[in-house]
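Trainee: Mind looking at a prediction? Sequence and model below.
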Amino acid sequence: MVKVGIIGATGYTGAELVRLASRHPRVELVALTSQTFSGQEMARVYPSLYGFCSHTCKNFSPEEVLSQAEVVFLALPHGHAVPIAEEALRRGVRVIDLGADLRFRDVRVYEEWYGIKHPNPELAARAVYGLPEIHREEIASAQVVANPGCYPTSVILALAPLIKGGYGELESIVIDAKSGVSGAGRKTEIAYLFTECNENLHPYGVARHRHTPEIEQELSLIAGQEVRVSFTPHLVPITRGILSTIYVNLKVQVSEEELRQVYEEFYREAPFVKLLPPGLWPHTRWVYGSNFCHINFTLDRRTGRLILASAIDNLTKGASGQALQNLNLMFGWPEALGLDYPGLSP
Ligand SMILES: NC(=O)C1=CN([C@@H]2O[C@H](COP(=O)(O)OP(=O)(O)OC[C@H]3O[C@@H](n4cnc5c(N)ncnc54)[C@H](OP(=O)(O)O)[C@@H]3O)[C@@H](O)[C@H]2O)C=CC1
Ligand SMILES: CC(=O)N[C@@H](CCC(=O)OP(=O)(O)O)C(=O)O
């Protein structure tokens, strides 16, 4: 068993980590931190955990967590990860950060889009971007993993085989993405009140959402040249789930059948990415509570554009499930250990 600490355990991704970790056969939770709910049982804060988690949340210092744990998950807002990760490295504790502080190879991009001065560019350069389907080998030997953002996970998985194969016109990528409200975290802000979100649908962060450079970083790495995308997220009145619909002009003559083979081959070893059969378009409901990413596409012959759709659960494959998938790789366990079950669709 590996001893695991979760800092920020009572936020949405922290609680999802506890839910998934409590069913994982090789994880022993040793410390759950919370400032707000210190002294309260985790199963009181999230009663769905009754019978699965007997821990009491405490306002442990990072040092107290790191002295007990072999791996620490950071489920905190941006701007808190670096000092904890530095101390973890000094102590030989491995880190999986669910925030964005260590996702960018070039910290100038982080500084520009997050408006935060990066305190440790060397650490950012050393961290591995934790998208297993793209960086499996580096994750296996990583000390620090930067778990991807939820939208980038759905978008990069949908586009990687196309870009790698050189089929898409790189300047033509348009992404229309939608997220459930849990993507914003467990916070009290007017925009996330039931009365504001329900029966409502709107874009946000238009032409300036901070997931744009994260998507571009990874697609550029895959393409071997700079990629720029148009990315527009929308808030939709569901609790969990992301659906990304993506439009790309094709630059080579290729049939849909050939492209399907390209995708099948690219994801042959990937337990969580499923290319659905022709005509079966992804639904967020089908991946609800699971670590799967469902993808499909079709060639619009009239326009020469490929239209793709990709669905994930933002809290699972978009955050905590993916973090456990990374843990599995870091410890040389089967990649799908403790995560291999379908979504909750009836
Ligand atoms: N929600 C999602 O779908 C996804 C989120 N992420 C990222 O994961 C991280 C966590 O997100 P999420 O769980 O949604 O966020 P939440 O807001 O739900 O939870 C964050 C937790 O961090 C703790 N916290 C808040 N402020 C501070 C602070 N100043 N210092 C220390 N602890 C603090 C709080 O717990 P307490 O007050 O009890 O200590 C809070 O519960 C974020 O970086 C987010 O961007 C990534 C992918 C998807
Ligand atoms: C609906 C909603 O607000 N979603 C969040 C994305 C959450 C996420 O992926 O988190 P990171 O902050 O770790 O990148 C947003 O748009 O900021």
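Mentor: On my side now, so go ahead. Keep in mind the model is a prediction, meaning the values are calculated, not measured. Numbering: from 1, shown residues only. Ligands and ions are numbered 1, 2, ... in the order given.
Trainee: Which residue would be the closest one in the stretch 151-300 of the chain to ligand 2?
Mentor: Gly183 (3.0 Å; Cβ to the nearest ligand atom). Any C-beta I mention is one placed from the backbone N, CA and C, and that applies to glycine too.
Trainee: can you list the residues of the stretch 1-150 of the chain near ligand 2?
Mentor: 99-100, 149-150 (Cβ under 6 Å from any ligand atom).
Trainee: any idea which of those residues has the most stuff around it?
Mentor: Cys150 (28 neighbours; other Cβ atoms under 10 Å).
Trainee: can stretch 204-213 be found next to ligand 1?
Mentor: No. Stretch 204-213 stays clear of ligand 1 (Cβ under 6 Å from any ligand atom), getting no nearer than 9.5 Å.
Trainee: how about the strands of this structure, start to end?
Mentor: 2-7, 27-33, 71-74, 94-97, 128-129, 144-146, 174-179, 202-203, 230-235, 242-249, 273-275, 293-300, 305-312 (DSSP state E).
Trainee: From the residues of the stretch 1-150 of the chain next to ligand 2, which land in helices?
Mentor: Taking DSSP state H, the ones among these that sit in helices are Cys150.
Trainee: check the residues of the stretch 1-150 of the chain next to ligand 2 against ligand 1, which are close?
Mentor: Within those, those near ligand 1 by Cβ under 6 Å from any ligand atom are 99, 149-150.
Trainee: Would you reformat the residues of the stretch 1-150 of the chain next to ligand 2 as TSV and include pLDDT?
Mentor: Output for those, formatted as TSV (pLDDT from 0 to 100):
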residue	pLDDT
Gly99	98
Ala100	98
Gly149	98
Cys150	98
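Trainee: Among the residues of the stretch 1-150 of the chain next to ligand 2, find me the one that's closest to ligand 1.
Mentor: Gly99 (3.0 Å).
Trainee: count of neighbours near the residue nearest to Leu170 when sequence neighbours are not counted?
Mentor: Leaving aside its sequence neighbours, Leu170 sits nearest to Val227 (Cβ to Cβ, 6 or more residues apart in numbering; 4.9 Å). Neighbourhood size, Val227 [other Cβ under 10 Å]: 20.
Trainee: how many neighbours does Gly115 have?
Mentor: Gly115: 10 neighbours (other Cβ under 10 Å).
Trainee: List the residues that contact it.
Mentor: Listed by Cβ atoms under 8 Å, 6 or more residues apart in numbering, Gly115 has no contact partners.
Trainee: Please tell me the pLDDT value assigned to Pro213.
Mentor: You'll see Pro213 listed with a pLDDT of 98.
Trainee: For the residue nearest to it when sequence neighbours are not counted, give its distance to Asn59.
Mentor: Of all residues not flanking Pro213 in the chain, Val109 sits nearest, at 4.9 Å (Cβ to Cβ, 6+ apart). Counting by Cβ to Cβ, to the nearest Å, the gap between Val109 and Asn59 amounts to 33 Å.
Trainee: in the chain, what residue is nearest ligand 1?
Mentor: Closest point on the chain to ligand 1, by Cβ to the nearest ligand atom, is Gly11, at 1.8 Å.
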